[in-house]
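Participant: task: produce atomic coordinates for the following.
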Amino acid sequence: MRAVIQRVSRAAVRVDSKCVGEIGAGLLVLLGVAATDTQPSADYLAEKIAHLRIFPDADNKMNLSVRDTNGAVLVVSQFTLLGDVRSGRRPSYAQAAPPQQANELYEYFLAALRRLNLCVETGVFQAMMQVELVNDGPVTILLDSDRAF
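Facilitator: You can find the predicted model right below:
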């Protein structure tokens, strides 16, 4: 699994001009599921995201997690994170999980975050979405369950 995590002061996702998920301060997580991903991949990312110390403490040092700040998480599925552009100009999505597998792991990931007592909002799997956010910092972190980066 690959994730782009952005610390936000607010974020929302719309489908057909209707808001389907919205948070105030917290994290926006764009999530891509690879064909080789498993439930332990999702557990690893959920645990890592819940405890990332990327929020400022009283001394303005990045020392607090989204859990520490009672922030929320907005998770948006984004298979294009698995796009491979090393060859040619058109991305190859051969590494992306097929839709049924990806949706199952996406839902499992959401449940894993909720088991960590996080408030979770979502987009709509496989829908065309518009994502709005105000990146706070800016702070953007890349994570990969295979620890590729």
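Participant: tell me what the residue nearest the centre of the chain is bridged to.
Facilitator: Closest to where the C-alpha atoms of the chain average out (Cα atoms, centre = their mean) is residue 29, at 2.1 Å. Judged by DSSP bridges, the bridge partners of residue 29 are residue 5, residue 75.
Participant: name all residues that make contact with it.
Facilitator: 3-5, 49, 73-76 (Cβ atoms under 8 Å, 6 or more residues apart in numbering). All C-beta atoms are positioned from the backbone trio N, CA, C, and that covers glycine.
Participant: so can I have a markdown table of the residues you listed showing distance to residue 147 and pLDDT?
Facilitator: Listed next are these as a markdown table, based on distance: Cβ to Cβ, whole Å; pLDDT from 0 to 100:
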| residue | distance to residue 147 | pLDDT |
| --- | --- | --- |
| 3 | 12 | 98 |
| 4 | 16 | 98 |
| 5 | 15 | 98 |
| 49 | 14 | 98 |
| 73 | 21 | 98 |
| 74 | 24 | 98 |
| 75 | 20 | 98 |
| 76 | 23 | 98 |
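Participant: which of those sits closest to residue 16?
Facilitator: For the contacts of residue 29, the residue nearest residue 16 by Cβ to Cβ is residue 76; the value is 15.4 Å.
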